[in-house]
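1. just a sequence and a predicted model for now, questions to come.
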Amino acid sequence: MTTRKLPQITEAQLLNGATPDGEAWHAFEIMAEFVGATERLKEITPAVSIFGSARTKPEHPYYKLTEEIAKQLSDAGFSVISGGGPGIMEAANKGAFAGSAPSVGLNIQLPFEQSGNDFQDIGLSFKYFFMRKVMFVKYASAYVVMPGGFGTLDELMEALTLVQTGKARNIPIILVGTVFWSGLLDWIKNTLIAEGMASPNDINLFQVIDEPKEIVDAIFKHYESSGFELTPAERKVQLYL
């Protein structure tokens, strides 16, 4: 009987993922990224995640509005989490950086568009998109969603799905920009809900608010009876994001 010989793998090859089953070894990279991020972020709560386009220029009204929202949230005691890049992400970090609470950037390694901004008290770099998305939800007491493109829509739909299905706790999901989001809201009401693809109550999973102070007030109102601390049941749910 012929004995199958396994290839010899050096330590350097292991670190570079060059293994007989390289895909499986990525699990260790994922684990390391998760542990590192958890250790860095466990003290930042309560926090608010802010999303929006990386392409928004500093002179644009959306940029300035985001900066003001982030500043008010930070001064109210919320750490502000953004994607760490340019555009709306930079505005969020910049506003929080000028405030009282930490400015957090969850950067992603991309071949284009993404480069870290200079307004981060805590900056993490992620290789895995899905791990970064977990951290946006895991530590957020609320989502503030500014106008943006595919990435922003991805984060919005992720949050709505997690809350809708009970895989994440019920948090305020606030869309900023009544005019910008009006088409999406009409489609949700007149197509998704009208054709039975979503429940009529699902429209209540989010709200549209344009004024910075009203956004801060809405988040506090949501938690006025329960507080920001996770219950034991909510902590258990968060483990299965």
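-> Sure, I can see it.

2. residue contacts, the most centrally placed residue in the chain?
-> The residue lying closest to the centre of the chain (C-alpha atoms, centre = their mean) is residue 136, at 3.0 Å. Going by C-beta atoms under 8 Å, 6 or more residues apart in numbering, residue 136 touches 49, 81, 106, 155. Heads up, the C-betas are built off the backbone N, CA and C, glycines and all.

3. same thing with residue 166?
-> Residues near residue 166 by C-beta under 8 Å, 6+ apart: residue 237.

4. strands of this structure, residue ranges please.
-> In the chain, the strands defined using DSSP state E lie at 47-51, 79-82, 103-108, 122-126, 142-145, 173-175, 207-208.

5. those into a markdown table, with extra columns for distance to residue 194 and mean pLDDT?
-> Below are those laid out as a markdown table (distance: least, C-beta to C-beta, whole Å; pLDDT from 0 to 100):
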| stretch | distance to residue 194 | mean pLDDT |
| --- | --- | --- |
| strand 47-51 | 27 | 97 |
| strand 79-82 | 35 | 97 |
| strand 103-108 | 36 | 93 |
| strand 122-126 | 38 | 91 |
| strand 142-145 | 23 | 98 |
| strand 173-175 | 20 | 98 |
| strand 207-208 | 19 | 98 |
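
6. redo those strands as CSV? Include mean neighbour count.
-> Formatted as CSV, these follow (neighbours: other C-beta atoms under 10 Å):
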stretch, mean neighbour count
strand 47-51, 27
strand 79-82, 30
strand 103-108, 24
strand 122-126, 18
strand 142-145, 26
strand 173-175, 21
strand 207-208, 14
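
7. quick one: those strands as JSON lines, columns for distance to residue 223 too.
-> Formatted as JSON lines, these follow (distance: least, C-beta to C-beta, whole Å):
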{"stretch": "strand 47-51", "distance to residue 223": "12"}
{"stretch": "strand 79-82", "distance to residue 223": "15"}
{"stretch": "strand 103-108", "distance to residue 223": "20"}
{"stretch": "strand 122-126", "distance to residue 223": "23"}
{"stretch": "strand 142-145", "distance to residue 223": "9"}
{"stretch": "strand 173-175", "distance to residue 223": "13"}
{"stretch": "strand 207-208", "distance to residue 223": "15"}
